[in-house]
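> with the input below, show me the fold.
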Amino acid sequence: MPRVLPSASTTTPRPKTWSERWRRWWRPPRRLTFTREGKYFVGITFGVGVAAINTGNNLLYLLLGMMLSMIVASGILSELSLRDLTVSRQPPGRLHARQPFLMGIALLNTKRRLPSFSIEVEDLLDGKPVDKKCYFLKLPAGRQQATSYRHTLPRRGRYRLTGFILSTKFPFALFRKSRTVELSSEVIVFPALVSAARLGAARTNAVGTEPSGKRARRGEPFGLHAFREGDDPRDIHWPTTARRGRTMVREYEDEAARRVSIFIENALPGGEACTDEGERDALERAVSVAASLALDHLERGFAVRLVARGEVLPTQWLIGREQATVLLTALALLPAALPETPFAIRPDSAADPVLVTPRPSAPAAATGRTRDRRGFTGRVVEA
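Numbering: from 1, shown residues only. Purely as a prediction, here's the structure:
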């Protein structure tokens, strides 16, 4: 079943309550601004009108009437272009901070006969227009056209798109007529990713890159051995048994040897109320390095767990590259914690612990096996 995207229409629905009717009465349905050419044209029209009244010249009256009719025609034709338009937003599948993306915009003309000309669409982010516009030169009646604008969001998190501004300067570019169309939606921006080469030793020295040699009841296949008392008959490898003429049983690698717990130092002075841009930028770098490490381990078959101050993100182990969206969403919405908030769990022997901590003075990632000032035992990654 195709996904139905939300859309907004320039056709205003009938108000249901007295308060809605009162707000609509006092709120202008359109905004009209002069273009530079429009200011000159209105000024000349005013001058021609004054000259016609003072002189009584019929030619000046005819010229004045023609210029006034152009102003009236501009208002009528621009209104017809803006009517009965339905706009929808088509966000990309994955957005990352500081990475350009294309936001799709679709415009549908629901009029039966009349086309719309020269329509500009501006997307509203938290009530403010983004820095790029989408332009539709001609939209025939009953047709839909789609285009996109290029934009970059500076930081991870949840962003609210509140609506659109539809405007036109058709037909004479004397005025810009526009109106606001409400269409609220949210997009989640994932952390920026760093290259595997920049991770350095944090990636190549991770436990579980090679088979550990520890045997276990379940895990990755490790080898075969002859059937012994106590072995599970379900682990018998029948092709090898038939070939060798004796019962052979599978051995499995210990799953704990392929688990990584990534601890994220998300403490800031004052928590979410911190206003120090340097501290916040350092936290963003730490989250980016943590996301890159976690994705790298998922790609190589590790089970990954994310641990921050006050919470585990998410609560279960993540296995497989199909869990990348779950991981990135959890990191995109990770809030800043107070320094006195403890980590949700402590490092244990069940998984290799890695601590990612901000380093405001150096943006490059550096690693080392040490015990930091917070008592963390394991590998520390400074981002």
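> okay, now the residue nearest to Pro335 when sequence neighbours are not counted: neighbour count?
With CB to CB, 6 or more residues apart in numbering as the criterion, Pro335 has its nearest non-adjacent residue at 5.6 Å, and that residue is Glu272. Bear in mind the C-beta positions are built from the backbone N, C-alpha and C, glycine included. The local packing of Glu272 (other CB atoms under 10 Å) involves 9 other residues.
> and Glu272, that's in a helix?
Yes. With DSSP: H, G, I helix; E, B strand; the rest coil as the criterion, Glu272 is part of a helix.
> go ahead and confirm it touches Leu334.
No. Distance between Glu272 and Leu334: 10.9 Å, which falls outside the contact criterion (CB atoms under 8 Å).
> would you agree Val356 falls within a helix?
No. Counting by three-state DSSP, Val356 falls outside a helix, being strand.
> how deep is it tucked in, by neighbour count?
Neighbourhood size, Val356 [other CB under 10 Å]: 29.
> show the contacting residues for it.
262-265, 286, 289-290, 293, 381, 383 (CB atoms under 8 Å, 6 or more residues apart in numbering).
> looking at the residues you listed, spot the one nearest Ala308.
Ile264 (4.7 Å; CB to CB).
> pretty sure the closest one sits against Glu311.
No. Counting by CB under 8 Å, Ile264 does not reach Glu311; the two are 10.2 Å apart.
> of these two, give the one with the bigger neighbour count.
Ile264 (29 against 18).
> how close does the more buried one sit to Asp84?
When distance is defined by CB to CB, to the nearest Å, Ile264 is 50 Å away from Asp84.
> and Leu108, by the same measure?
Leu108 is 9 Å from Asp84, by CB to CB.
> point out where the stretch 1-150 of the chain drops to low pLDDT.
For the stretch 1-150 of the chain, the stretches with pLDDT under 70 are 1-28.
> burial measure for Gly157, as a count.
Gly157, neighbours per other CB under 10 Å, totals 17.
> typo on my end, Asp296
Count around Asp296 with other CB under 10 Å applied: 20.
> okay, and it sits in which element?
Using DSSP states H and E, Asp296 falls within helix 277-299.
> average pLDDT across that helix?
Mean pLDDT, computed over helix 277-299, is 89.
> can I get it as PDB, trimmed to CA atoms?
This file holds the C-alpha atoms of helix 277-299, laid out as PDB (Å, rounded to 0.1, in the frame of the first residue of the first chain):
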ATOM      1  CA  GLU A 277      28.100  26.900  22.600                       C
ATOM      2  CA  GLY A 278      31.600  25.400  23.000                       C
ATOM      3  CA  GLU A 279      30.300  22.700  25.400                       C
ATOM      4  CA  ARG A 280      27.400  21.900  23.200                       C
ATOM      5  CA  ASP A 281      29.600  21.600  20.100                       C
ATOM      6  CA  ALA A 282      31.800  19.300  22.000                       C
ATOM      7  CA  LEU A 283      28.800  17.100  23.000                       C
ATOM      8  CA  GLU A 284      27.700  17.100  19.300                       C
ATOM      9  CA  ARG A 285      31.100  15.800  18.300                       C
ATOM     10  CA  ALA A 286      31.000  13.100  21.000                       C
ATOM     11  CA  VAL A 287      27.600  11.900  19.800                       C
ATOM     12  CA  SER A 288      28.800  11.900  16.200                       C
ATOM     13  CA  VAL A 289      31.800   9.700  17.100                       C
ATOM     14  CA  ALA A 290      29.600   7.400  19.200                       C
ATOM     15  CA  ALA A 291      27.100   7.000  16.300                       C
ATOM     16  CA  SER A 292      29.900   6.200  13.900                       C
ATOM     17  CA  LEU A 293      31.500   3.700  16.200                       C
ATOM     18  CA  ALA A 294      28.100   2.000  16.800                       C
ATOM     19  CA  LEU A 295      27.300   1.800  13.100                       C
ATOM     20  CA  ASP A 296      30.700   0.400  12.300                       C
ATOM     21  CA  HIS A 297      30.300  -2.400  14.900                       C
ATOM     22  CA  LEU A 298      26.800  -3.200  13.600                       C
ATOM     23  CA  GLU A 299      28.200  -3.500  10.100                       C
END
